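[1] turn this into a model:
(chains A and B)
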Amino acid sequence: MLEALQFPFLQRALLAGLMVGGLASYLGVFVVQRRLSFLGDGLAHAAFAGVALGLFFHTEPLWVALPFAVAVALAITWVRERSNLGDDTAIGIFFAVSVALGVLFMSLRQGFAPDAVAYLFGSILAVTKADLLAVGAVALLVVLAAPLWKHWAYATFDRELALADRRPVSLHDYLLAGLVALMVVTAVKVVGIVLIAAFIVIPAAAARLLSRTFAAMTLLSVSFGVLSVIPGLMVAYQLDVPAGSAIVLVQAAVFALALWLRR
Amino acid sequence: MNALEFDRYSIRFGDFQVLREISLGVEEGSFVAILGPNGAGKSTLLKSVLGLTQGLPQEGRVQISGSVRVLGKDPGEVPPDWMGYVPQVKGFDRSFPALALEVVVSGLRRSWPLRIRPEERRRAEAMLEQVGALHLAGRRLGRLSGGELQRVYLARALIREPRLLLLDEPATGVDAVGEADLYRHLEAYQSAHSQGAARVTVLMITHDWEAAQHHASQVLLLNRRVVGYGRPEAVLCHECLAEAFGHVGHAHSLVMGR
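    Residues are numbered from 1 along each chain as shown, chains lettered A, B, ... in the order given. As a prediction, this is how the structure comes out:
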């Protein structure tokens, strides 16, 4: 594996994997604790619709998927805020509409779309410099938003107390949803639409099993998210299997271990 | 000065009138028990004081008319440190990984602590000790009983030394000893922080008529409108209770059958 790292495509794969693993597991802490686990799936499918639209117009799919997924994330947040439909229902509606639109755009495009498959299952070994830059830009935004951790955590603990303390809870919700959407879209090329939700949910869920405090849960989740990437990529390289699947299976093993340790 | 001033305050969610033409003044330093049947608008009244009426889950539009003044200001303008809020413990997410100490510190910071500074730890522990809960400081929130949780939330509300304390059914799920302790702590805080003109006002929703009678200086009987407001012995009368609750049941005989 070490000698393999001299290949630039593997360097890019490792860097992209580590960044996506870290970002997804950090934002995943809030997503999981707010019981929005379905959000990752919903936004990934919004990204699918965006990618399909981009392919239809023969433009770079990510540039269409980005605004599309962010708009869906904000719309989901808006519906959750304005109605007392459950979160799962609000997300479920947008999920279904996104898939419907994605399939529609795909069918409008003449002929078979092999590139669409790359988005469904990801192709970490085909990550380009531009893809890496996009993930890096999102990472920078999330780092800039790090001071919001204490506010997101407070509203996650008790939204009403945060509101009573005059925190701009609603604004923070939109920011969180927007960042999750950006992360999902830039990660789609790396891990694929089908598997990105696992990157968000599994490390955070494993961390919650083992943590006494929310700060510890955050730290542990990011550790799990980042560290699962290395053995996952190694397995993928050695056995020539898809990297996204290998990483998710490592995460699942970590989760199983956490479940066992907790007993 | 009045701590609270309601002037023809009404709130309606779509077709549902929750509060109708509430007009009353609560003098600073009062200990007000709010009593009323389920759906009487008690929590909505408390949330109006907290400035939370825009954040209520609801379908349709919220219509508000009239006004509320809290400590001389609009509810949204009141500095959050002036108010201490003890929510209903039953609404709390027990899966959130947190220590009791962190919850108390969150009351001081108005945000969630990543790391607790020594000074914050000292203050939070002192506050927990005051409510007889120092031994809970390092315990996980999800493992606390109703009574223990209620003490932690009380410490959280008191640590910022509020001028107005708002409690939503604080005795629910608390045993008799815990309940007696709660009133002792509330009264101790109220007298310790009331000097001269600055006096602490307590507003508490309760279903416990006896407690209202023994501990409150004022009782507000609410059933979407003000049925009665005044000293407990004046308000907890047969007619008022019948009017507020529609019937006078066993609870009433407990209070009146002395």
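[2] only C-alpha atoms for contact and neighbour calcs from this point on.
    Will do.
[3] and the stretch 101-250 of chain A, which residues reach chain B?
    With Cα under 8 Å from any Cα of the partner chain as the criterion, the stretch 101-250 of chain A meets chain B at residues A:150-151, A:153-154, A:157-158, A:160-166, A:208, A:211-215, A:217.
[4] residue contacts, the residue in the stretch 101-250 of chain B that chain A sits nearest to?
    Using Cα to the nearest Cα, the closest approach of the stretch 101-250 of chain B to chain A is made by residue B:112 at 4.6 Å. Residues in contact with residue B:112 (Cα atoms under 8 Å, 6 or more residues apart in numbering or on different chains) are A:150, A:151, A:153, A:154, B:102, B:103, B:105, B:106.
[5] change it to 7 Å
    Counting by Cα atoms under 7 Å, 6 or more residues apart in numbering or on different chains, residue B:112 touches A:150, A:151, A:153, A:154, B:106.
[6] quick check, nearest of these to residue A:96?
    Nearest to residue A:96 among the contacts of residue B:112: residue A:153, at 29.7 Å, using Cα to Cα.
[7] where does the nearest residue to that closest one once chain neighbours are set aside land in three-state SS?
    Excluding the flanking residues, the one nearest residue A:153 by Cα to Cα, 6 or more residues apart in numbering or on different chains is residue B:112, at 5.8 Å. Three-state assignment for residue B:112 (DSSP: H, G, I helix; E, B strand; the rest coil): coil.
[8] what's the answer for residue B:93, then?
    coil.
[9] burial count for it?
    Neighbours of residue B:93 under the rule other Cα atoms under 10 Å in any protein chain shown: 15.
[10] do the same with the one 4 residues further on
    Taking other Cα under 10 Å as the criterion, the count of residues near residue B:97 is 21.
[11] so how far is residue A:176 from the closest residue to it other than its chain neighbours?
    Excluding the flanking residues, the one nearest residue B:97 by Cα to Cα, 6+ apart is residue A:213, at 4.7 Å. Applying Cα to Cα, to the nearest Å, the value for residue A:213 to residue A:176 is 21 Å.
[12] who has more neighbours, the two?
    The residue with more neighbours, out of residue A:213 and residue A:176, is residue A:176; 22 against 18, by other Cα under 10 Å.
[13] phi first, then psi, for that one.
    phi -60, psi -50 (degrees, to the nearest 10).
[14] average pLDDT across stretch A:54-63?
    For stretch A:54-63, mean pLDDT rounds to 85.
[15] quick one: buried residues of it?
    For stretch A:54-63, the neighbour count (16 or more other Cα atoms under 10 Å in any protein chain shown) marks A:54, A:55, A:56, A:61, A:62 as buried.
[16] tell me the bridge partners for the nearest residue to residue B:88 once chain neighbours are set aside.
    Spatial nearest neighbour of residue B:88, chain neighbours left out: residue B:168 (5.3 Å); criterion: Cα to Cα, 6+ apart. As for beta bridges, residue B:168 partners with residue B:205 under DSSP bridges.
[17] is residue B:168 in contact with residue B:202, as I believe?
    No - counting by Cα atoms under 7 Å, residue B:168 stays clear of residue B:202, with 11.1 Å between them.
[18] who's more crowded, those two?
    Just comparing residue B:168 and residue B:202: by other Cα under 10 Å the higher neighbour count belongs to residue B:202, 26 against 20.
[19] ok but that one is inside a helix, no?
    No - counting by three-state DSSP, residue B:202 is not part of a helix but strand.
[20] what about residue 177, which SS state?
    In the absence of a named chain, this looks at chain A. Under three-state DSSP, residue A:177 falls in the helix class.
[21] residue B:14: which of the contacts of residue B:112 is nearest?
    Out of the contacts of residue B:112, the member with the shortest distance to residue B:14 (by Cα to Cα) is residue A:154, at 30.4 Å.
[22] and chain B, which of its residues are near chain A?
    B:50-52, B:57-59, B:80, B:96-99, B:110-114, B:140 (Cα under 7 Å from any Cα of the partner chain).
[23] tell me the buried residues within these.
    Here, 16+ other Cα under 10 Å leaves B:50-52, B:80, B:96-99, B:110-113, B:140 buried among these.
[24] switch those over to CSV; also include pLDDT.
    Below are those laid out as CSV (pLDDT from 0 to 100):
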residue, pLDDT
B:50, 92
B:51, 89
B:52, 86
B:80, 91
B:96, 94
B:97, 95
B:98, 95
B:99, 96
B:110, 95
B:111, 96
B:112, 97
B:113, 96
B:140, 94
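[25] what's the farthest-apart pair in those residues?
    That would be B:51 and B:140, which, of these, are the farthest apart (Cα to Cα) at 30.2 Å.
[26] so who does residue B:33 touch?
    B:203, B:204, B:205, B:206, B:212, B:216, B:218, B:219, B:220.
[27] quick check: it is in a helix.
    No - counting by three-state DSSP, residue B:33 is located in no helix; its state is strand.
[28] most widely separated two among the buried residues of stretch A:54-63?
    The widest separation within those (Cα to Cα) is 12.5 Å, between A:56 and A:62.
[29] just the residues contacting the worst-scoring helix or strand of chain A on mean pLDDT, thanks.
    Of the helices and strands making up chain A, the lowest-confidence element is helix A:114-121, at a mean of 74, by mean pLDDT, DSSP states H and E. Under the contact criterion Cα under 7 Å, 6+ apart, helix A:114-121 has outside partners A:188, A:189, A:191, A:192, A:193, A:194.
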